[in-house]
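Participant: no sequence on hand, only this structure:
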Ligand code: SF4
């Protein structure tokens with residue numbers, strides 16, 4: 001007989017949310033794992049003793065996490081999505097029909113809490129991963145990625161001193177709700193403003209986000225960015241450090257800032273950080289010195305323009321007398337130290353021949369400069385670059401190069417595509433840093449909850465006869481003595 005479903009809505013039902021969220025649900029497991037009660041104490045300083053009650057700090061942080069776990073880059077959508085999901089409501093500690101906080105509370109509270117609150121959360125979750133023995137600790141791979149800022153390069157204005165503060169204030173208000181440009185707008189924007197000089201970070205800034213910087217790299221359009229610097233444990237691929245920098249800040253100047261924080265994040269680990277793997281962008285004398293100062297061994301290829309030897313140019317170096325000799329036997333002694341044109345702290349050693357020595361040389365036209373002598377420039381940090389060259393070109397160094405790219409690059413890919421870091425949805429460097437920290441926490445939590453000790457589980461569900469068989473097979477394969485003692489006991 002054909003059935004037909006009739007629906008008569010019940011006026012009263014008995015409902016308990018926990019009965020409808022399965023035990024293996026991600027958010028149920030996360031609720032059991034994550035204890036955020038420390039936030040009540042650490043955020044107490046941001047509130048007064050009287051007035052309207054704020055959002056619960058734990059609820060705020062859980063909502064932030066939901067945004068990154070669900071790859072949602074809008075506070076408004078976090079609220080609407082959370083209200084429709086029983087598992088998320090259970091995670092937040094809300095019931096069906098109970099009103100969630102208003103979406104603007106999220107951005108207000110995110111601005112209110114200092115960066116240390118978010119860093120503290122990152123460290124707490126990292127500690128959980130360390131305690132479960134999932135992080136090796138010894139070797140970290142570092143890399144950076146440009147994350148688009150929430151500002152358009154077409155809104156950039158010239159850096160001039162504003163005589164009238166009200167004009168500046170009005171300009172800020174006009175830009176505050178600005179939507180990020182689409183790729184099409186990005187491309188055609190330049191055509192509409194052909195008559196204007198192209199903006200640069202030296203001459204222009206974005207009034208809506210003064211910390212965002214104009215930059216580019218191969219495969220990326222020129223626009224306003226922040227730079228995410230990250231370190232990843234090479235054994236487990238957990239994120240052990242993340243921080244926002246200005247988009248135009250070079251990797252090699254960021255490394256000395258990163259190293260103490262990486263070490264601090266891993267302070268609770270039995271294995272202190274001993275090795276750092278990075279690409280050539282992180283290479284500089286200052287970066288190598290900071291590695292040595294932190295007692296860390298680095299594997300960082302030297303810059304492409306670094307010259308270890310000048311023998312291919314016909315100049316041999318005399319270490320004892322600190323001078324070069326050309327193929328005509330003319331000496332180029334060390335003359336002086338100069339600072340780099342674009343970076344005064346980078347020092348260079350200058351070697352020069354005498355004009356009289358080069359005067360009658362047949363190679364003068366192709367070798368000497370317009371003034372009639374040869375000038376060679378070496379970095380003051382050449383001994384450090386040579387030390388790094390030896391390490392990178394060793395068999396272990398070659399392994400480390402492959403390991404670095406296979407470790408940190410996929411993690412960045414996941415973070416950007418699946419943890420809501422395609423674009424920073426806030427303004428300012430501090431806010432960008434908070435977003436990156438929570439995104440990294442969400443990534444680590446996903447990995448932590450996905451972890452299953454496979455070997456132990458496989459043994460635990462085997463019936464006793466199968467376990468005997470498994471042990472015999474293991475014995476036959478490995479022929480290890482300790483299995484002989486185990487088998488007779490069954
Ligand atoms: S130009 Fe001067 S430095 Fe160059 S090869 Fe001739 S002698 Fe040597």
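Facilitator: Happy to help now that I have it. Every value quoted in this text rests on a predicted model; they were computed, and no experiment measured them.
Participant: low-confidence ranges, the chain, go.
Facilitator: 161-196, 453-490 (pLDDT under 70).
Participant: and residue 137, how far is that from residue 157?
Facilitator: Noted for residue 137: a distance of 47 Å to residue 157, by C-beta to C-beta, to the nearest Å. From N, CA and C alone the C-beta is placed, and that goes for glycine too.
Participant: the more surrounded of those two?
Facilitator: Neighbour count, other C-beta atoms under 10 Å: between residue 137 and residue 157, residue 137 has more, with 19 against 15.
Participant: so the more buried one, which state does it fall into?
Facilitator: What DSSP: H, G, I helix; E, B strand; the rest coil gives for residue 137 is coil.
Participant: mind checking how far residue 39 is from residue 45?
Facilitator: Distance from residue 39 to residue 45, by C-beta to C-beta: 12 Å.
Participant: same question, residue 92
Facilitator: If you measure residue 92 against residue 45 using C-beta to C-beta, the figure is 24 Å.
Participant: close to the ligand: what parts of the stretch 1-150 of the chain are there?
Facilitator: Applying C-beta under 6 Å from any ligand atom, one finds that the stretch 1-150 of the chain does not approach the ligand at all.
Participant: and the helices in the stretch 1-150 of the chain, which stretches?
Facilitator: Using DSSP state H, counting those that start in this stretch, the helices assigned to the stretch 1-150 of the chain run over residues 26-33, 38-42, 57-69, 75-83, 86-92, 104-112, 115-131.
Participant: pull out the buried residues from stretch 311-318.
Facilitator: For stretch 311-318, burial by neighbour count (16 or more other C-beta atoms under 10 Å) applies to 315, 317.
Participant: count of neighbours near residue 369?
Facilitator: 11.
Participant: wait, isn't it in contact with residue 358?
Facilitator: No: the pair residue 369 / residue 358 is not scored as a contact, 9.5 Å apart, by C-beta atoms under 8 Å.
Participant: top helix in this protein by residue count?
Facilitator: Longest helix of the chain, by residue count under DSSP state H: helix 395-418.
Participant: ok and it relative to helix 57-69, angle-wise?
Facilitator: Per axes from the mean of the first three to the mean of the last three C-alpha atoms, to 10 degrees, the angle that helix 395-418 makes with helix 57-69 is 100 degrees.
Participant: against which helices or strands is helix 395-418 packed?
Facilitator: strand 139-148, strand 220-233, strand 275-277, strand 297-299, helix 382-393, helix 429-450 (3 or more C-beta pairs under 8 Å, 6 or more residues apart in numbering; DSSP states H and E).
Participant: export these to TSV and tack on mean neighbour count?
Facilitator: Below are these laid out as TSV (neighbours: other C-beta atoms under 10 Å):
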stretch	mean neighbour count
strand 139-148	23
strand 220-233	23
strand 275-277	23
strand 297-299	21
helix 382-393	16
helix 429-450	22
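Participant: point out the most buried one among the helices of the stretch 1-150 of the chain.
Facilitator: Most buried of the helices of the stretch 1-150 of the chain by mean neighbour count (mean count of other C-beta atoms under 10 Å) is helix 57-69; its value is a mean of 23.
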